[in-house]
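**Q** Structure here, sequence nowhere to be found:
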């Protein structure tokens, strides 16, 4: 394996923040009318926030997704969920 690629300083600083303090991805998300929305993306995650309120995140952009936007928006970095593309338990050769 090669050496990991260096991260931009802005992303490095953001990784040190708690998830609740990540910025919202308003400018990154595009409206979509297909199944290619944040919720079906490999990078989409949800976390239990303060008072167990779900916090929706994009691990690729290290940012928060406003509630409801995960159903109607996506970004240029959308990738199919590994489960859908390879199956729940793919065979190992």
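**A** That came in fine, so what should we check first? All figures in this text were calculated on a predicted structure; none of them were measured in a lab. Numbering: from 1, shown residues only.
**Q** What ranges in this protein fall below the confidence cut-off?
**A** Counting by pLDDT under 70, the chain contains low-confidence residues at 1-15, 83-85, 87-93.
**Q** Show the residue spans covered by the strands in it.
**A** Applying DSSP state E to the chain gives strands spanning 30-31, 44-48, 54-58, 63-65, 73-74.
**Q** Including distance to residue 81 and mean neighbour count, could the ones you listed go into a markdown table?
**A** In short, each C-beta sits where N, CA and C put it, glycine included. Formatted as a markdown table, the strands of the chain follow (distance: least, Cβ to Cβ, whole Å; neighbours: other Cβ atoms under 10 Å):
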| stretch | distance to residue 81 | mean neighbour count |
| --- | --- | --- |
| strand 30-31 | 19 | 10 |
| strand 44-48 | 8 | 13 |
| strand 54-58 | 13 | 18 |
| strand 63-65 | 16 | 22 |
| strand 73-74 | 13 | 22 |
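**Q** Would you reformat these as JSON lines and include distance to residue 37?
**A** Output for those, formatted as JSON lines (distance: least, Cβ to Cβ, whole Å):
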{"stretch": "strand 30-31", "distance to residue 37": "9"}
{"stretch": "strand 44-48", "distance to residue 37": "9"}
{"stretch": "strand 54-58", "distance to residue 37": "12"}
{"stretch": "strand 63-65", "distance to residue 37": "10"}
{"stretch": "strand 73-74", "distance to residue 37": "5"}
